[in-house]
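Undergrad: Next comes the sequence, and after it the predicted model I'd like to discuss.
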Amino acid sequence: MQTQPEALYNFIFMKKILLLMFSFFGNIGLSYSQAIDTVKTYSFGKMPPIYGEDKLYWERNYDDKNHLSFEGLRYNDCFTGPFINYWENGKVKTKGQYLPNTTRDWTKLQERGLCSVETGEWKSYDETGKYTSSVFYTNGKMVATPPIDTVSTTNYGKMPPVFFANKVYWERNYDDRHHLLFEALKYNTCFIGPYFAYWDNGNIKTRGQYVENTSGDWTNLKTRGLCSVQDGVWKNYNETGQVSKTIIYDKGTIIKED
C-alpha cells in the first residue's frame, strides 16, 4: 500500500505528465498540423519505421511476450519528454523525464543536445511497486545518487527542520493551495544542483542549474562559493510552455541574456 506522501507524489507526477503531454501535443499539433499518435513498437526484430518519420509520438514498447516494456514521448528515435518503464507484472520500474524540446525546431536534436537527455529526478521501484531509490540528472549528467530524501516544504510559516539537517535532499516546495512552486537539489538552505520552478497550471516556469559541490566537503558552502550560485543556461517559460528568456551564468555572473 502506498504511503500518503508516495501517493501524493504519484498523483502530482502523473498530473505533470498529462499537463506536459497536453502542452506538447497542443503546441506541436498547431505547429505541424498533425495529431500525436500513440505507436506500438517491439523490442525485437527490425527498427520500426516510426523512428525515421520525422514526427512526435507517444511510444508504447512491448517485449516478445507482449508485456509493456516502456512508454515515452519521442521524436524519431529521440526521447524528448516523460518516460516510464515497467516490470513484467505491469508495475512501474522506472519513471523520469528527458529534456523536452520547447523550440518547435525538430532538426538535428542530437547535435543540439535535445535527444534522450535525462533531466531532473528519476525514481526506481521494485517489483511490488515499492519505491527504492532516486537519481538526479542535469543535461544528462548524474548529479546526485541515493540516499536522498524527497522533502515537501511550503513557502509560508516556519523554516522546515531539513534546512538545518546537514544533508543533501530533493526539495519540493508548495504554496498554500498545494500547487508545486519549485523542486531542486539542496543541502540545508543551499541550492546545489538542478532547479525547476512551475506555474500554477503545472507547466515549467524556470529551469536551471546551481553550482554543484563535487568536493565531498559540505562545510562552509556559502563562503566557498558553493551555495545557491547560478551556473550555465537558465531558461524562463511563459504559462503556455514557450521560452520567454534565456540567461547564461558563469558561477553567478550573467555573461549573456536573450
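TA: That came through, no problem. Given the structure is predicted, the values throughout are model-derived calculations rather than measurements.

Undergrad: Just give the closest residue to the residue nearest in space to the middle of the chain, not the sequence neighbours.
TA: Nearest to the mean C-alpha position of the chain, by CA atoms, centre = their mean, lies Gly120 at 3.7 Å. Of all residues not flanking Gly120 in the chain, Gln97 sits nearest, at 5.0 Å (CB to CB, 6 or more residues apart in numbering). Where C-beta positions appear, they are placed from N, C-alpha and C, glycine not excepted.

Undergrad: you'd agree that neighbour is up against Ser116?
TA: No. Assessed by CB atoms under 8 Å, Gln97 is found out of contact with Ser116, at 11.5 Å.

Undergrad: ok, the two, which is more surrounded?
TA: Comparing Gln97 with Ser116 by other CB atoms under 10 Å, the one with more neighbours is Gln97, at 24 against 16.

Undergrad: What is the three-state secondary structure of Ile50?
TA: helix (DSSP: H, G, I helix; E, B strand; the rest coil).

Undergrad: Need the nearest residue in space to Glu118, chain neighbours excluded.
TA: Per CB to CB, 6+ apart, closest to Glu118 is Tyr137, 4.0 Å.

Undergrad: So which bits of the helix or strand harbouring the one you found are buried?
TA: Using DSSP states H and E, Tyr137 sits within strand 131-138. Counting neighbours by 16 or more other CB atoms under 10 Å, one finds that the buried residues in strand 131-138 are 131, 134-138.

Undergrad: ok, so of the residues you listed, who is nearest Ala184?
TA: Phe136 (9.7 Å; CB to CB).

Undergrad: Kindly provide the distance from the residue nearest to Gly120 to Tyr51.
TA: The spacing between Gln97 and Tyr51, counted by CB to CB, to the nearest Å, is 21 Å.

Undergrad: What of Asn238?
TA: Distance from Asn238 to Tyr51, by CB to CB: 32 Å.

Undergrad: Neighbour count: those two, which is higher?
TA: Higher neighbour count among Asn238 and Tyr51: Tyr51, with 15 against 12, using other CB under 10 Å.

Undergrad: In this structure the more buried one contacts Asn76, no?
TA: Yes. Counting by CB under 8 Å, Tyr51 does reach Asn76; the two are 5.5 Å apart.

Undergrad: where are the low-confidence patches of the stretch 101-250 of the chain?
TA: 144-147 (pLDDT under 70).

Undergrad: Strands of that one, start to end?
TA: Per DSSP state E, counting those that start in this stretch, the stretch 101-250 of the chain carries strands over the ranges 118-125, 131-138, 141-144, 149-154, 168-174, 180-187, 190-198, 204-210, 230-237, 243-250.

Undergrad: Turn the ones you listed into CSV, columns for distance to Pro161.
TA: Shown next, in CSV, are the strands of the stretch 101-250 of the chain (distance: least, CB to CB, whole Å):
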stretch, distance to Pro161
strand 118-125, 21
strand 131-138, 20
strand 141-144, 20
strand 149-154, 9
strand 168-174, 11
strand 180-187, 13
strand 190-198, 16
strand 204-210, 22
strand 230-237, 26
strand 243-250, 30
